[in-house]
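A.B. asks: Kindly return the folded structure for what I paste below:
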Amino acid sequence: MRAEENTRLTRTGPGTPAGEWMRRYWQPVALAEELDGERPLVTPRVLGQDLVLFRDEGGTLGLVDRGCPHRGADLALARLEDGGVRCVFHGWLFDAAGRCLEMPAEPEGSLFPAKVRLGSYPVVERAGIVWGYFGPGEPPLFPELDCFAAPDAYTFAWKGHLDCNWLQALEVGIDPAHASYLHRFFVDEDPKDGYGKQFRAASQGTDLPMTKILREYPRPRIDVVRTDYGMRLTALRRLDGTGLDGTRLDGSHTHVRVTHQVFPHAFHIPMSADMSITQWHVPVDDTSCYWYAVFTSLGEQVDRAEMRRQRVAAVTLPDYRPVHHRGNGYGYDPLEQRTLTYTGLGTDINVHDQWAVEGQGPVQDRTREHLGSSDRGITLYRKLLAEAIGAVERGERPRFVTDRQDEAARFRGPVALDGVGPSDGWEDHWERVAAERRAASPWAAAHLAQQGDAAQQAKVQQPAQLATQQPASQQTGR
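C.D. replies: Below is the predicted model of the structure:
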């Protein structure tokens, strides 16, 4: 990759090509729980813009610029009162729409307040995340992805900070091969204790732990295809090693792992048979980002207290920065590396990924890399990204942006899975299993029925349907 191309894809500040593209989508700006305190006001930085997010006394959300338009005072310490935020420098009061309601130091009856506006942005709460829109015109509709369609009781949202550019943070999630190495465990835990933990459950359709499969089959066959929302990735591992009892497997069954890249900067992956993760990677600026994840359950309601308990000890609050970082070696333990894990970085895979992407530097120098066949997802995403940036420059609508309700309703799922089934006809097998799983869901079946014929809708973006598309390995000449 040329240096100028790397710059074009990674820089997202105001006026940059990638920044203009990214501003066509809703962006996560905070977890809803961040506004639960005594003073519901936080100061996120998103896409290089300094902001104030607040909830007024009536419950209305406001997302505004952090600098007061009077003389630039910092609204981080604004008084939250009288239906808005009041600057403590001269008492100017602004509502959630950015209108100036009061200028107490100006003459009574002055028309000056009507001439002053504080920059404000559309804001909405969905799936435990507060989202802002920073682009031109009206914001797009939210797609009917599972994480947005599921009732609140079936979702849990979390976030974490990374000291690196957003693109390398995303790319680790569209790289199916890395899990066999970076997330390798030498000892398999009991899958029954795997609730809320990535790669700890048994793969669907078998009692084999995911960790055993990833460890013993480190060379998956990877196929990637374009979709309306981004891309679908399939990693296939034919099981011809040993079972839990040491007997030889005959290769008649294959481990299938289906994941997705969802525009603009999310990936969608399975956690267990019932739970999936949709995770966005939002630039703070060009050298840091936050990931925001929504865990969505098709089966039972999410145990939010347990999910939060598992994660809160790994971060510092209120900024959600990881406890393990470059400054303390990410918690590296050489004895653990010899006996328990491939990395020696503990059992939290977020730390593994953090080490991998932060170690590439604040902004990865892609002029020095050498991509292989296992990097097909990364190769295709960069191509899609360049196409989307070009579309915005031409005044066109980029991928996965719509103002039509019928199009938004069509973008459902997508189905992520990790399972073991027959090697022959695996596409049909998993299409059937996925449809049955959704039909048995307390909420997904009803949602599909509302959208139309449930049986037909259950097939939207299912593995077998997508398998008929041309693999990106052929599209890109690999």
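A.B. asks: Now do the most centrally placed residue in the chain against Val294, distance only.
C.D. replies: In the chain, the centroid-proximal residue (C-alpha atoms, centre = their mean) is Gln279; its distance is 1.6 Å. To Val294, Gln279 is 8 Å away according to C-beta to C-beta, to the nearest Å. The way it works is simple: take the backbone N, C-alpha and C, and place the C-beta from them, glycine included.
A.B. asks: what do you get for Val284?
C.D. replies: For Val284, the distance to Val294 (C-beta to C-beta) stands at 19 Å.
A.B. asks: Settle it for me: which of these two has more neighbours?
C.D. replies: Per other C-beta atoms under 10 Å, whichever of Val284 and Val294 has more neighbours is Val294, with 25 against 19.
A.B. asks: tell me the contacts of that one?
C.D. replies: By C-beta atoms under 8 Å, 6 or more residues apart in numbering, the residues touching Val294 are 127-129, 147, 155-157, 277-279.
A.B. asks: Any regions of the stretch 51-200 of the chain where pLDDT drops low?
C.D. replies: Within the stretch 51-200 of the chain, the segments meeting pLDDT under 70 span 194, 196, 199-200.
A.B. asks: That one: strands as residue ranges?
C.D. replies: For the stretch 51-200 of the chain, the strands defined by DSSP state E, counting those that start in this stretch occupy 61-65, 79-81, 84-86, 93-94, 100-102, 123-126, 129-132, 155-162.
A.B. asks: Please apply the same query to the stretch 201-350 of the chain.
C.D. replies: 221-226, 230-238, 253-262, 266-270, 275-285, 288-297, 315-316, 321-322.
A.B. asks: tell me what the third one is packed against?
C.D. replies: In this structure, strand 253-262 makes packing contacts with strand 230-238, strand 266-270, strand 417-422, helix 426-439, judged by 3 or more C-beta pairs under 8 Å, 6 or more residues apart in numbering; DSSP states H and E.
A.B. asks: Can you lay out those as a markdown table showing mean pLDDT?
C.D. replies: Below are those laid out as a markdown table (pLDDT from 0 to 100):
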| stretch | mean pLDDT |
| --- | --- |
| strand 230-238 | 95 |
| strand 266-270 | 95 |
| strand 417-422 | 91 |
| helix 426-439 | 89 |
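A.B. asks: Determine how far the longest helix seen in the chain lies from the middle of the whole chain.
C.D. replies: Longest helix in the chain, counting residues (DSSP state H): helix 376-393. Relative to its chain's centre, helix 376-393 lies at 18 Å (C-alpha atoms, centre = their mean, to the nearest Å).
A.B. asks: Flag every buried residue along the helix or strand just after it.
C.D. replies: Of the helices and strands lying after helix 376-393 in sequence (DSSP states H and E), the nearest is helix 405-410. Buried residues in helix 405-410, counted by 16 or more other C-beta atoms under 10 Å: 407-410.
A.B. asks: now for stretch 102-119, what's the gap between its first and last residues?
C.D. replies: Stretch 102-119 has an end-to-end distance of 16 Å (criterion: C-alpha to C-alpha, to the nearest Å).
A.B. asks: returning to that earlier point: format the strands of the stretch 201-350 of the chain as JSON lines; extra columns: distance to Pro44.
C.D. replies: Formatted as JSON lines, these follow (distance: least, C-beta to C-beta, whole Å):
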{"stretch": "strand 221-226", "distance to Pro44": "32"}
{"stretch": "strand 230-238", "distance to Pro44": "25"}
{"stretch": "strand 253-262", "distance to Pro44": "22"}
{"stretch": "strand 266-270", "distance to Pro44": "18"}
{"stretch": "strand 275-285", "distance to Pro44": "8"}
{"stretch": "strand 288-297", "distance to Pro44": "8"}
{"stretch": "strand 315-316", "distance to Pro44": "16"}
{"stretch": "strand 321-322", "distance to Pro44": "14"}
